[in-house]
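> Below is the sequence, then the predicted model.
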Amino acid sequence: MHGGIVASGRAGVRNTHTPSTTAPRRIGDGAFAVALTLPGLALLVAVVLYPLVSALVTAFFEQSLVIPGREFVGFENIQAVLESDFWRIFRQTLVFTVGSTLVPFVIGFGLALALNTGLRGQKVFRGVFLVPWLVPGVVVSFLWMWIFNANYGVANGLLEGLGIIDEPHAWLAEPGTAMAAVIIAKTWASFPWMMVMLLAGLQTVPPELHEAAEVDGAGTIRRFFSVTLPHLKGIVGLVLLLEFIWNFQHFDIIYVLTGGGPAGTTQTFATSVYETAFRGFDLGRAGALGLLWMIILLVLVVVYVRFSERGEQE
Amino acid sequence: MTTSTRPSPPHTRPDEPARSRRRRRSPRDRLGPRISAWVAIVVFGAFALLPAYWLLATSLSPQDQVFQYPPSFFPGDITFEHYADLADNPDLFRYLVNSVIVSVVTAVLSVLVSAYMGYSFSKFRYRGRRSLMYLVLSSQMFPQALLLVTLYAVFSAYGLLNSYAALILSFTTFTLPLCVWMLKGFFDTIPDELIEAARVDGASRLRIIHSVVLPLSAPGLVAAGLFAFVRGWNDFIFALTLAGPDKQTLPPGLVNTFVGEAQTAWPQLMAASLVVSLPVVIGFIVLQRYLVGGITAGAVKG
């Protein structure tokens, strides 16, 4: 069939008196259907695909943000990037990504399970817990910058009051604690999304399954691992994968909270590419770093998908 | 004896009443899980809400109380002076106007563009449709810090740096995947018979979209529009990079205004942060019903 277009077939099949003129019209519908997608596609090409490809291509050129013109240099940029602090940035990106994926997952899952017990006011709680997720990233950064403030921060006040620390600590300015502090701020911003997604998944678990398991003598914990978790496998995998991808390229909170510091200990691929391009004006290096970044992301995603597919077959 | 021995209809389920009784006393209602549920809500709830409370408390505390250590968890006196300070700052007002313009136009444009695209994906079947859908969906996976590296040059070449257009075009594009997905879900629920009927009545194909499909999807359009608005309202990195001082929106504007080299004006910054967050939080809570469905729709169904 020409392009194979049917105005969503179902009506045509059910309706015996569909006008017989639909056949020639379908060709026009094909062009029409494609035309409807064109404004969106044009934007995607102009704002996402073209800049992405062109950024990756600059990896092979000596090119500056401020001086026009460029020169082909092959793998020189990539080599230079690999020889500088690439592996440290990779490690830090991974720590940030895994931490800011797993910690909010545990909190989000805990809250989703709690809200799914059928207690009263479930929707009100869900709405209230969504608030941190709605707050702009910049505000999240300001708020935690203030909480972790070395001189007047409430984190120090609280921990000293509880006797956990003896004197105020500069959480964001000390290389040893800056990454953990950034992860806590990111966790605060993203656990609500995990909660909403997992709660929606939990509500699709048929209560009959739990009842049957209970009749067979399974306790709460046993039921969680043998009924709830297997049923949620798909959605758990999805939220973990998406959050991982997002965190792997997260920018706002890290950039405003620490700017990659102290001493570069919270620098990730995103902040590093940005700095290289817009502070160092070195587009070639930024492109090289970006290329390696995308390759690593792709490898990690493929490994994850393979791994979870194998888990599903077992 | 003439008892009526009418055979019961083949499809009745004799266990029906017993079943519903069992459901009423389902394990969900037990005490143990309920207590652990409340413990989880209180513990994690504290993590979720105490920082938000601290934002509010700081913004309402008098200057001298903010800068004392250890901090007192309850402000002794409440003052609105830091909010009044905000009103005196002409830069902030300009950032606010920019934010409103950019976010509103982004919302309108996103809804329009995604509605056409979502309608095409929902009601037509053509070769390459699935590939297109996945292309759109996967475009949100690309790192924005990397896109900016050359997007800056592209916008510069077309004279779009320091313009609303640069921000609006970028934000609209980044909202497309989710808006298209949400709206496709809404259009899927519109019966084809309605569209067919309008067509038989002689309505043109665009007319069908504008007078039949869109009005029926109003809740979905509002949800998608709010989503796009929030995207524009909250963005930091693009506004920071592509817009100069007079076109900058609130997030980078707040950084410029408050995060000084020497001493940050914390209570004013917290007040401004609260004001910036408020429209989004309120809009979301009002429209929660549609939005939560929209967020989870694609994912949970498969």
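Received it, and whenever you're ready, just let me know what you need.

> Hmm, A:Lys186 is touching A:His250, no?
Yes: taking contacts as Cβ atoms under 8 Å, A:Lys186 lies within contact range of A:His250: 6.9 Å. C-betas here are computed from N, CA, C, even on glycine.

> shared neighbours of those two, which are they?
Overlap of the contact sets of A:Lys186 and A:His250 (by Cβ atoms under 8 Å, 6 or more residues apart in numbering or on different chains) consists of A:Phe96, A:Ser100.

> Disregarding residues adjacent in the polypeptide, which is nearest to B:Leu226?
B:Gly283 (5.3 Å; Cβ to Cβ, 6 or more residues apart in numbering or on different chains).

> actually A:Phe281, not the one I typed
Once flanking residues are discounted, A:Phe281 sits nearest to A:Leu65: 4.1 Å by Cβ to Cβ, 6+ apart.

> who's in contact with the one you found?
Per Cβ under 8 Å, 6+ apart, neighbours of A:Leu65: A:Ala277, A:Phe278, A:Phe281, A:Asp282, A:Leu283, B:Tyr152, B:Ala153.

> same thing but 10 Å
A:Leu65 makes contact with A:276-283, A:286, B:149-150, B:152-153, B:156, according to Cβ atoms under 10 Å, 6 or more residues apart in numbering or on different chains.

> pLDDT value on it, please?
You'll see A:Leu65 listed with a pLDDT of 87.

> mind pulling up the phi and psi values for it?
Main-chain dihedrals, A:Leu65, degrees, to the nearest 10: phi -70, psi -30.

> so what's A:Phe244 up against?
By Cβ under 10 Å, 6+ apart, the neighbours of A:Phe244 are A:Thr97, A:Val98, A:Ser100, A:Thr101, A:Leu102, A:Phe105, A:Leu297, A:Leu300, A:Val301, A:Tyr304.

> Tell me which of those fall in strands.
Among the contacts of A:Phe244, no member falls in strands (DSSP state E).

> quick revisit: what's the burial count for the residue nearest to B:Leu226?
A count of nearby residues for B:Gly283, using other Cβ atoms under 10 Å in any protein chain shown, gives 19.

> Model confidence for it, exactly?
Listed pLDDT for B:Gly283 reads 84.

> What helix or strand is it located in?
helix B:266-286 (DSSP states H and E).

> All the helices of the stretch 1-150 of chain B, in order from the start?
Applying DSSP state H, counting those that start in this stretch to the stretch 1-150 of chain B gives helices spanning B:16-24, B:31-60, B:63-66, B:81-87, B:90-123, B:129-138, B:144-157.

> would JSON lines of those with mean neighbour count be doable?
Converted to JSON lines, these look like this (neighbours: other Cβ atoms under 10 Å in any protein chain shown):
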{"stretch": "helix B:16-24", "mean neighbour count": "10"}
{"stretch": "helix B:31-60", "mean neighbour count": "17"}
{"stretch": "helix B:63-66", "mean neighbour count": "15"}
{"stretch": "helix B:81-87", "mean neighbour count": "15"}
{"stretch": "helix B:90-123", "mean neighbour count": "22"}
{"stretch": "helix B:129-138", "mean neighbour count": "15"}
{"stretch": "helix B:144-157", "mean neighbour count": "22"}
